[in-house]
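# sequence? don't have it. structure:
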């Protein structure tokens, strides 16, 4: 039995309600593979310091070209490896733990990489963001809220004005989300056979499914399971996204974990 | 031996120099599978009349929602089937001629469908168009030129002003094309192994490769093989697109065909 992997995630107000669409891709991956891990919770303002301390590379860049340190990051004590970026982490786990089910089939690597671009391209003018970003803010702990507000408002404008509840603007963006997801639903039946999973139900779950599922968890956790948004998403396209998320429910467990010590 | 499939394509000035990125996806497919076919050349203004005559569905929509009839279309005399849209044609041929190599593997159907979106999403602000659309116009026959000019100028503005040779605007759009193709090259080595074909060199050629190759043929045929544009494309990213197109050269044959009789 390998030593547990250390999985760095961003906390929300409620313990156990992991919410980040990007770290969810890794949590799903770890849960699906059944690899033991423990979560270490890192508030937004601490991510860069953590990454520099443990030698994690920056997985993204700011618009000005400077490195942007993001989570997920894992540390694997069995190989003394630090890996950043959810796709790179899945590739690392596929390779390092070959007895666990492979999530990025070799022949689909480029297509799954492109899928990350395609699934965002269906939303014109960043449709989901004016709705989801204020919802994220509302479930963050005080230690992350000012950092999150400052960085997001620089790009998008004042959170409270992005898409206020009941506004026409919100309805327009939400309709954009519906249409985008309808396009993705179309990809899943382009050959005339409706599939639950991206690579078909014979092949089963792959990392591409966790990309989509992470997006859905973002809404489920930040808008809330009782929200109109979550009700809409799970009923659109004949309820296909509701069925999809139900099928992945067994990979949704979240350990209590501990706060990072820097 | 089946009767030859009738393949409807759009002619250019020079016989044998097929140029349309969309019909190339089908021509590559037919050549790769080794299915006998004959080309019937259809000028732009005749496409709708042809489709209505043979019962081909419209594969696209205009911005106002009315049907837009496009090529490729095929007629298969062996099954008396008419099929529109290059992906649907490949799926049809995969299914109807199962002894030929399959180009859309069942498990990759949704990912390849999404790839069509992803490969365009890498170009911000429709970068290639201001350069390629006037080049297309320059190689069309007089029967198609007025139709092509009118429909494209409605969306993009005067062809001669889109990106004149030597202009800064052209340089900016061309840099956008370079960057977009560099992103796609990145997908092809995201796992650290440089691949010539999208689904890897073990799996070999799939329909996703013909999507990209059709894009390249557009430039090769409309800008010309001796153009700076073609020299650039084949040298970018260490010459990978040049090697890619060389590997597909054996599927580039074009029959003389005949002009459509309506």
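Received the coordinates, thanks. From a predicted model like this one, the values you see are computed outputs, not experimental measurements.

# in whichever strand or helix holds residue A:91, what's buried?
Secondary structure assignment for residue A:91, by DSSP states H and E: helix A:86-96. Judged by neighbour count (16 or more other C-beta atoms under 10 Å in any protein chain shown), helix A:86-96 contains these buried residues: A:86-94, A:96. In short, each C-beta sits where N, CA and C put it, glycine included.

# Show me what that helix is packed against.
Under the contact criterion of 3 or more C-beta pairs under 8 Å, 6 or more residues apart in numbering or on different chains; DSSP states H and E, helix A:86-96 touches helix A:21-33, strand A:73-76, strand A:81-84, helix A:109-121, helix A:207-222.

# Let me have those in CSV, adding mean pLDDT and distance to chain B as columns.
Supplementary listing: the helices and strands packed on helix A:86-96 in CSV, determined by pLDDT from 0 to 100; distance: least, C-beta to the nearest C-beta, whole Å:
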stretch, mean pLDDT, distance to chain B
helix A:21-33, 98, 15
strand A:73-76, 98, 17
strand A:81-84, 98, 13
helix A:109-121, 97, 4
helix A:207-222, 98, 7
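
# Of the ones you listed, give the one that comes closest to residue B:232.
Residue B:232 sits nearest to helix A:109-121 of all the helices and strands packed on helix A:86-96, at 22.7 Å, using C-beta to C-beta.

# Helix B:109-121 and the closest one, what's the angle between them?
On the basis of axes from the mean of the first three to the mean of the last three C-alpha atoms, to 10 degrees, helix A:109-121 is oriented at 70 degrees to helix B:109-121.

# Tell me the buried residues in whichever helix or strand comes after helix A:109-121?
Sequence order places helix A:129-139 as the next helix or strand after helix A:109-121, per DSSP H and E. Of all the residues in helix A:129-139, those buried under the rule 16+ other C-beta under 10 Å are A:129-137, A:139.

# Chain B: which of those is nearest?
Nearest to chain B, judged by C-beta to the nearest C-beta, of these is residue A:129 at 16.6 Å.

# Just the pLDDT at the closest one, thanks.
Here the pLDDT value assigned to residue A:129 is 95.

# Quick check: residue A:83 touching residue A:90?
No - between residue A:83 and residue A:90 there is no contact under C-beta atoms under 8 Å: 9.5 Å.

# I'd like the secondary structure assignment at the residue of chain A most remote from its centre, please.
Distance from the C-alpha centroid of chain A, by C-alpha atoms, centre = their mean, peaks at residue A:192 (28.7 Å). Three-state call for residue A:192 (DSSP: H, G, I helix; E, B strand; the rest coil): coil.

# residues touching it, list them.
Going by C-beta atoms under 8 Å, 6 or more residues apart in numbering or on different chains, residue A:192 touches no other residue.

# before we move on, what about residue A:50?
The contact partners of residue A:50, by C-beta under 8 Å, 6+ apart, come to A:8, A:42, A:56, A:69, A:73, A:260, A:262.

# okay if I get those as TSV plus secondary structure and neighbour count?
TSV is the format used below for these (DSSP: H, G, I helix; E, B strand; the rest coil; neighbours: other C-beta atoms under 10 Å in any protein chain shown):
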residue	secondary structure	neighbour count
A:8	strand	25
A:42	coil	24
A:56	coil	23
A:69	coil	17
A:73	strand	29
A:260	coil	18
A:262	coil	8
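
# Tell me the one of the residues you listed nearest residue B:167?
Taking C-beta to C-beta as the measure, residue B:167 lies nearest residue A:69 of the contacts of residue A:50, at 39.9 Å.

# Can you pull out the low-pLDDT segments for the stretch 101-250 of chain A?
Regions of the stretch 101-250 of chain A meeting the criterion pLDDT under 70 cover residues A:126.

# rerun that using 80 as the cut-off
A:124-126 (pLDDT under 80).

# Near chain B, which residues of it are found?
Within the stretch 101-250 of chain A, the residues that sit near chain B (C-beta under 8 Å from any C-beta of the partner chain) are A:104, A:106-115, A:117-122, A:183-184, A:186-188, A:190-191, A:195, A:198-200, A:202-203, A:208.

# hmm, 7 Å instead?
The stretch 101-250 of chain A comes close to chain B at residues A:106-115, A:117-118, A:121-122, A:187-188, A:190-191, A:195, A:198-200, A:202-203, A:208, as judged by C-beta under 7 Å from any C-beta of the partner chain.

# Just the buried residues of those.
Neighbour counting over those (16+ other C-beta under 10 Å) leaves A:107-115, A:117-118, A:121-122, A:187-188, A:190-191, A:195, A:198-200, A:203, A:208 as the buried ones.

# got the contact list for the residue nearest to residue A:207 when sequence neighbours are not counted?
Leaving aside its sequence neighbours, residue A:207 sits nearest to residue A:103 (C-beta to C-beta, 6 or more residues apart in numbering or on different chains; 4.2 Å). Residues near residue A:103 by C-beta atoms under 7 Å, 6 or more residues apart in numbering or on different chains: A:29, A:32, A:90, A:94, A:206-207.

# Likewise for residue A:223?
Shown in contact with residue A:223 (C-beta under 7 Å, 6+ apart): A:135, A:229-230.

# Count the neighbours of residue A:171 for me.
A total of 11 residues lie near residue A:171 under the criterion other C-beta atoms under 10 Å in any protein chain shown.

# next one: the one 4 residues further on
Residue A:175 has 11 neighbours, counted by other C-beta under 10 Å.

# Same check on the one 4 residues further on?
When neighbours are counted by other C-beta under 10 Å, residue A:179 registers 14.

# surely residue A:56 meets residue A:84?
Yes - contact criterion C-beta atoms under 7 Å: residue A:56 and residue A:84 qualify, at 4.7 Å.
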